[in-house]
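Visitor: Please work out how this folds:
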Amino acid sequence: MVYLPFYMVLFKILTRLNARSIDRYKCVCRQWRDGLSSFEFLLHHSTYVENYLDYVRDEGFYDVNEYYA
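Guide: Residues are numbered from 1 along each chain as shown. The predicted model follows:
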């Protein structure tokens with residue numbers, strides 16, 4: 001089994017999820033709750049969302065409700 005460091009999971013994988021999924025993953029354990037509630041994660045996630053939505057808007061298939069569903 002391959003071990004992934006928590007920061008990698010947090011910033012490389014969980015950042016790409018929508019807000020509803022992130023709220024669900026806060027219930028996994030205390031470490032995930034604290035990590036997903038941290039200022040650094042929220043800043044990183046909001047930056048990713050802004051860049052993602054800008055890209056999607058530029059490509060012509062923009063639907064914010066789909067991302068946050």
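
Visitor: where exactly do the helices run in the chain?
Guide: In the chain, the helices defined using DSSP state H lie at 6-8, 19-25, 30-37, 39-59, 64-68.

Visitor: Let me see the mean pLDDT of stretch 14-26.
Guide: On average, the pLDDT along stretch 14-26 is 86.

Visitor: Identify each buried residue in that stretch, please.
Guide: 14-15, 17, 22, 25 (16 or more other CB atoms under 10 Å). In short, each C-beta sits where N, CA and C put it, glycine included.

Visitor: Tell me how far that stretch lies from the chain's centre.
Guide: Its chain's C-alpha centre and that of stretch 14-26 lie 5 Å apart, by CA atoms, centre = their mean, to the nearest Å.

Visitor: now the end-to-end length of it.
Guide: Using CA to CA, to the nearest Å, one end of stretch 14-26 lies 11 Å from the other.

Visitor: what number of residues lie near R33?
Guide: R33 has 13 neighbours, counted by other CB atoms under 10 Å.

Visitor: what residues are up against the nearest residue to it once chain neighbours are set aside?
Guide: With sequence-adjacent residues excluded and distances taken as CB to CB, 6 or more residues apart in numbering, R33 is closest to K26, at 4.5 Å. If you count contacts by CB atoms under 8 Å, 6 or more residues apart in numbering, K26 has them with 32-33, 36-37.

Visitor: for F41, same thing?
Guide: 10-11, 14-15, 35.

Visitor: Residue nearest the middle of the protein, spatially speaking?
Guide: Of all residues in the chain, the one closest to the mean position by CA atoms, centre = their mean is T15, 2.5 Å from it.

Visitor: sorry, back to before: save the contacts of F41 as JSON lines, and put in distance to L53 too.
Guide: As requested, the contacts of F41 are exported to JSON lines (distance: CB to CB, whole Å):
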{"residue": "L10", "distance to L53": "21"}
{"residue": "F11", "distance to L53": "19"}
{"residue": "L14", "distance to L53": "18"}
{"residue": "T15", "distance to L53": "14"}
{"residue": "G35", "distance to L53": "23"}
